[in-house]
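Visitor: prediction below, plus the sequence it came from.
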Amino acid sequence: MAGDQSSHAPMEGGGFYNRNSAPQAAGIALLADIWLKACNAVPLGNEPVRIVDLASSQGRNSMAPMRIAIDVVRRRAGLDRTIEIVHVDLPSNDFSSLFNAVIDDQGSYLHDLSGVFPLAIGRSYFEPLLPPGSVHLAWNTWSMQWMSRSPMDAPDHVLAGMSRSEELLSALAAQQRDDWIRFLALRSTELRAGGRLLTAFTARTDAETGWEWLLGELWQAIRDLADQGVLSRAETERMTIPIGLRRLEDLAMPFGKQGEYSNLRIEHLELKQAGDPHWAEFQRTSDHLDFARRHAETTRAWAGPTLALGLDAHRSRKDALDAIFSRHAERLARDPRPHQPYMAVGVFAKSE
């Protein structure tokens with residue numbers, strides 16, 4: 001994930017996110033054909049090919065899409081074509097786990113290949129990252145829902161975008177509009193003529209967010225701990241995850257009737273619904289506790305470090321998160337149901 005470090009933290013380190021991101025992987029699997037088409041469409045000259053993995057986190061979910069891109073480039077441009085894979089995330093990201101995965105993971109895109117060079121940049125993608133006109137392909141998943149900054153705390157929900165505060169929702173919409181426009185302009189500058197950007201992230205329909213059950217129970221778990229005096233009321237209000245939930249029309253807005261913005265044109269735009277691998281396992285085992293634990297740990301992997309930013313200075317981070325996600329799992333086990341979030345998918349092509 002990327003963004004302003006004052007508003008949210010990177011994913012839980014020590015490889016924890018890699019071990020607990022199966023739902024994100026399930027969503028990424030839905031993108032293979034779309035990514036393959038983008039990789040086949042990008043013009044290739046004689047130069048080394050640069051592929052950017054934006055918001056790489058700890059890398060495991062990047063392996064398959066990076067390998068798809070490498071295989072397409074090598075098929076089109078020859079087996080000896082030099083390729084750079086540039087992983088980008090916040091400076092505080094767990095880059096050690098990322099490079100351990102690149103080197104040691106059985107599914108690493110480096111397996112049985114030479115002439116492929118992994119690199120990393122520790123910087124927010126709301127800032128310039130690479131020289132103008134140097135990127136052939138850019139891949140970005142499960143991150144653009146995070147805002148570059150949090151305009152205000154939510155008094156009534158753990159997820160900012162699920163608050164009922166009209167003032168907050170208006171501020172979120174403005175911030176997300178600014179973030180989206182800035183992200184597109186920066187990536188357009190970095191892309192080569194004919195380059196492609198694929199981005200896919202949590203979105204919503206007009207009727208629902210897809211997060212009502214999972215994050216509704218997380219908010220209730222936090223409130224339970226406040227009622228018990230484990231957390232203070234001030235801490236619960238500061239525990240606001242700075243995520244908004246765009247609709248497809250929000251993504252299309254900068255492109256207007258002409259379908260072009262900052263030398264980018266929309267090549268593909270749709271809303272998908274991701275599957276729940278934990279639910280599939282639950283249907284096989286009927287194990288309520290295991291199902292709940294899996295979802296609580298997955299949520300902790302991406303949300304826990306940001307929730308910890310809201311804790312009082314004297315508070316033990318580990319103890320507080322243990323309490324929150326233990327309570328979260330207890331609540332989830334009462335009424336298991338599939339978690340199937342919506343995912344906006346966009347492919348944008350740089351004008352040639």
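Guide: Sure thing, it's come through.
Visitor: ok, Ala329 touching Arg293?
Guide: Yes. Counting by C-beta atoms under 8 Å, Ala329 sits close enough to Arg293 to count as a contact (5.2 Å). C-beta coordinates here come from the backbone N, C-alpha and C atoms, glycine included.
Visitor: which one's more surrounded, these two?
Guide: For Ala329 versus Arg293, neighbours defined as other C-beta atoms under 10 Å are more numerous around Ala329 (23 against 18).
Visitor: list the contacts for that one?
Guide: 289, 292-293, 295-296 (C-beta atoms under 8 Å, 6 or more residues apart in numbering).
Visitor: residue ranges for the strands of the stretch 51-200 of the chain, please.
Guide: In order along the chain, the stretch 51-200 of the chain carries the following strands (DSSP state E, counting those that start in this stretch): 83-89, 116-122, 135-141, 191-203.
Visitor: what's the average pLDDT for the second one?
Guide: Strand 116-122 shows an average pLDDT of 97 in the prediction.
Visitor: now the lengthiest helix in the chain against strand 135-141, angle please.
Guide: If you go by DSSP state H, the chain has its longest helix at helix 166-190. Note on geometry: by axes from the mean of the first three to the mean of the last three C-alpha atoms, to 10 degrees, helix 166-190 and strand 135-141 are set 160 degrees apart in direction.
Visitor: restricted to strands, list the contacts of Ala329.
Guide: Among those, none falls in strands (DSSP state E).
Visitor: max pairwise distance over those residues: which two?
Guide: Distances among those were taken as C-beta to C-beta; the most separated pair is Leu289 and His295, at 11.1 Å.
Visitor: Ala154 touches Ser163, doesn't it?
Guide: Yes. Look at Ala154 against Ser163 with C-beta under 8 Å: they come within range, at 4.0 Å.
Visitor: between those two, tell me which one has more neighbours.
Guide: When Ala154 and Ser163 are compared for neighbours, Ala154 comes out ahead with 24 against 20, by other C-beta under 10 Å.
Visitor: measure the more buried one to Ile243 for me?
Guide: With distances defined as C-beta to C-beta, to the nearest Å, the gap from Ala154 to Ile243 amounts to 10 Å.
Visitor: shared neighbours, these two?
Guide: With contacts taken as C-beta under 8 Å, 6+ apart, Ala154 and Ile243 have Ala160 as neighbours in common.
Visitor: could I get the strands of the stretch 51-200 of the chain as TSV with mean neighbour count and distance to Ala313?
Guide: As requested, the strands of the stretch 51-200 of the chain are arranged in TSV below (neighbours: other C-beta atoms under 10 Å; distance: least, C-beta to C-beta, whole Å):
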stretch	mean neighbour count	distance to Ala313
strand 83-89	23	26
strand 116-122	16	26
strand 135-141	25	34
strand 191-203	23	31
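Visitor: out of these, nearest to Leu54?
Guide: If you check each of the strands of the stretch 51-200 of the chain against Leu54 by C-beta to C-beta, strand 135-141 wins as the nearest, at 3.9 Å.
Visitor: just checking: what are the partner strands of the closest one?
Guide: Strand 135-141 has the following strand partners under DSSP bridges: strand 49-54 (parallel), strand 191-203 (parallel).
Visitor: residues making contact with it?
Guide: So strand 135-141 is in contact with 24, 27-28, 31, 35, 38-39, 42, 44, 49-55, 61-62, 65-66, 69, 73, 125, 187, 190-192, 195-201, going by C-beta under 8 Å, 6+ apart.
Visitor: repeat for stretch 220-230
Guide: Here stretch 220-230 makes contact (C-beta under 8 Å, 6+ apart) with 158, 231-233, 235-236, 239, 307, 320, 323-325, 327-328, 330-331.
Visitor: buried ones in it?
Guide: By neighbour count on 16 or more other C-beta atoms under 10 Å, the buried set for stretch 220-230 is 221-226, 230.
Visitor: how far away from the center of its chain is it?
Guide: 28 Å (C-alpha atoms, centre = their mean, to the nearest Å).
Visitor: what average pLDDT does that stretch get?
Guide: Looking at stretch 220-230 alone, the average pLDDT works out to 97.
Visitor: same thing with stretch 258-278?
Guide: Across stretch 258-278, pLDDT averages out at 95.
Visitor: how much space is there between Val158 and Leu231?
Guide: Val158 sits 12 Å away from Leu231 when distances are taken as C-beta to C-beta.
Visitor: neighbour-wise, which of these two wins?
Guide: Taking Val158 and Leu231 together and counting by other C-beta under 10 Å, Val158 has the greater number of neighbours (28 against 23).
Visitor: these two touch, right, that one and Thr240?
Guide: Yes. Counting by C-beta under 8 Å, Thr240 is a contact partner of Val158 at 6.9 Å.
Visitor: where does this protein have low pLDDT?
Guide: By pLDDT under 70, the weakly predicted segments of the chain are 1-13, 17-18, 20.
Visitor: which residue is nearest the middle of it?
Guide: Geometric centre of the chain, nearest residue: Trp142, 2.1 Å, by C-alpha atoms, centre = their mean.
Visitor: quick check: phi and psi on the nearest residue to that residue once chain neighbours are set aside?
Guide: Closest residue in space to Trp142, ignoring its immediate chain neighbours: Gln24 at 5.0 Å, by C-beta to C-beta, 6 or more residues apart in numbering. Here is the backbone geometry of Gln24 (degrees, to the nearest 10): phi -60, psi -40.
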